[in-house]
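Chemist: sequence? don't have it. structure:
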């Protein structure tokens with residue numbers, strides 16, 4: 001194929017616009033456990049049994065008035081349909 005018969009490269013339709021690190025603050029350990037269990041992309045294969053010692057430490061900290069803080073990477077994507085420009 002030469003330059004006249006080769007189709008032009010396809011444009012990427014999805015683009016990462018930016019990313020940030022968000023701080024998620026939890027005041028209850030139950031809320032944290034629900035968050036981790038129900039959002040598997042945050043902590044894949046999360047298990048309360050496997051994390052029990054760490055969760056107990058976080059619980060003691062929260063009883064002393066220290067909130068539970070998570071660093072959560074976030075990103076923004078834009079997507080376009082095939083015919084959109």
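Modeler: Thanks, I have it. Treat the numbers as computed from the prediction; the structure is a model and nothing was measured.

Chemist: Can you name the element that comes right after the helix or strand where residue 55 lies?
Modeler: Element membership of residue 55 [criterion: DSSP states H and E] is helix 52-63. As assigned by DSSP H and E, the chain's next helix or strand after helix 52-63 is strand 68-79.

Chemist: and that following strand, which strands flank it?
Modeler: Its sheet considered, strand 68-79 pairs with strand 14-26 (antiparallel) by DSSP bridges.

Chemist: If you drop the residues flanking it in sequence, what lies closest to residue 75?
Modeler: Of all residues not flanking residue 75 in the chain, residue 19 sits nearest, at 4.0 Å (Cβ to Cβ, 6 or more residues apart in numbering). C-beta: built from backbone N, CA, C; applies to glycine.

Chemist: picking up where we left off before, show me what the helix holding residue 55 is packed up against.
Modeler: When contacts are defined as 3 or more Cβ pairs under 8 Å, 6 or more residues apart in numbering; DSSP states H and E, helix 52-63 packs onto helix 29-38, strand 68-79.

Chemist: And the last one, what's buried?
Modeler: Spelled out, that is strand 68-79. Under the neighbour-count criterion of 16 or more other Cβ atoms under 10 Å, strand 68-79 has residue 68 buried.

Chemist: The spatially closest residue to residue 32 that is not a sequence neighbour - how many residues pack around it?
Modeler: Leaving out its chain neighbours, the residue that sits closest to residue 32 by Cβ to Cβ, 6+ apart is residue 26, at 4.5 Å. Using other Cβ atoms under 10 Å, residue 26 has 18 other residues around it.

Chemist: ditto for the one 3 residues further on
Modeler: Neighbour count of residue 29, defined by other Cβ under 10 Å: 17.

Chemist: and the angle for the helix holding residue 55 with strand 68-79?
Modeler: With axes from the mean of the first three to the mean of the last three Cα atoms, to 10 degrees defining the directions, helix 52-63 sits at 110 degrees from strand 68-79.

Chemist: tell me the mean pLDDT over helix 52-63?
Modeler: The average pLDDT within helix 52-63 is 91.
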